[in-house]
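*Asks:* Kindly generate the corresponding structure for this input.
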Amino acid sequence: MTSFSDFYEREFRRVTALAYALTGSGTAAEELAQDGFVAAYRRWDTVAHYDDPGAWVRRVVVNACRSWGRRMSAEWRAMTRLRNRRAPLAILREPDDEFWAAVRALPKRQAQAIALHYVDDLSVDSIAEILECTTGTVKQHLFRGRQTLAQTLTTTRLVEDSQPQLPDDGGNTR
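*Replies:* Got it, this is the predicted structure:
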């Protein structure tokens with residue numbers, strides 16, 4: 001029985017070349033070949049006893065290349081659709097940065113409920129379906145999230161307002 005490291009040394013370049021021939025991408029080829037060898041390593045006690053362990057890895061890599069091609073095709077179609085959209089993507093306004101930073105600081109479920117409600121304008125029922133919880137739980141997340149946000153944002157503004165402001169001397173320096 002050959003050790004895995006000897007097998008890897010002997011086969012890696014050829015398997016990577018196969019993946020490159022199928023994908024046309026050096027980066028993808030190396031990644032897919034490595035994934036194939038990781039799968040072989042995890043099952044090495046079984047794969048090592050095959051008549052041709054290299055054939056097994058090649059089959060895994062060929063299947064991975066096929067999946068990679070499908071993913072790339074789907075991404076290309078999605079990007080084409082997005083490029084043809086007439087409406088600009090929703091981008092948050094700068095004054096909202098403070099608010100969204102505070103939302104991101106909330107517990108995960110509260111932040112998700114707040115974002116789904118305010119960014120996507122979803123109903124409580126829709127949010128419950130997406131988060132796979134009850135409407136009562138969504139209402140609780142929204143309520144607690146809003147309370148925390150009100151407290152956090154009010155405290156932040158009070159601290160900012162209490163800081164001494166230097167008088168504006170009209171640009172004159174002494």
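
*Asks:* Please count neighbours and contacts with C-alpha atoms only from this point.
*Replies:* Will do.

*Asks:* hey, where'd the helices end up in the protein?
*Replies:* Using DSSP state H, the helices of the chain run over 4-23, 26-42, 44-47, 53-83, 97-104, 108-118, 124-131, 135-162.

*Asks:* Tabulate those helices in JSON lines, adding columns for mean pLDDT.
*Replies:* Output for those, formatted as JSON lines (pLDDT from 0 to 100):
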{"stretch": "helix 4-23", "mean pLDDT": "93"}
{"stretch": "helix 26-42", "mean pLDDT": "96"}
{"stretch": "helix 44-47", "mean pLDDT": "95"}
{"stretch": "helix 53-83", "mean pLDDT": "89"}
{"stretch": "helix 97-104", "mean pLDDT": "83"}
{"stretch": "helix 108-118", "mean pLDDT": "88"}
{"stretch": "helix 124-131", "mean pLDDT": "88"}
{"stretch": "helix 135-162", "mean pLDDT": "81"}
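
*Asks:* Dump those helices into a markdown table; add mean neighbour count as well.
*Replies:* Shown next, in a markdown table, are these (neighbours: other CA atoms under 10 Å):
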| stretch | mean neighbour count |
| --- | --- |
| helix 4-23 | 16 |
| helix 26-42 | 18 |
| helix 44-47 | 14 |
| helix 53-83 | 15 |
| helix 97-104 | 15 |
| helix 108-118 | 19 |
| helix 124-131 | 16 |
| helix 135-162 | 15 |
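
*Asks:* what's the domain layout of the chain?
*Replies:* What automatic domain parsing lists as the domains of the chain is 4-83, 94-162.

*Asks:* Do me a favour and get the end-to-end distance for the first one?
*Replies:* In other words, domain 4-83. End-to-end span of domain 4-83 (CA to CA, to the nearest Å): 46 Å.

*Asks:* Run the chain-centre distance for that domain.
*Replies:* Offset of domain 4-83 from its chain centre (CA atoms, centre = their mean, to the nearest Å): 22 Å.

*Asks:* In this structure K139 contacts V124, no?
*Replies:* Yes. Counting by CA atoms under 8 Å, K139 touches V124, with 7.0 Å between them.

*Asks:* any idea how far V119 is from A111?
*Replies:* A111 is 11 Å from V119, by CA to CA.
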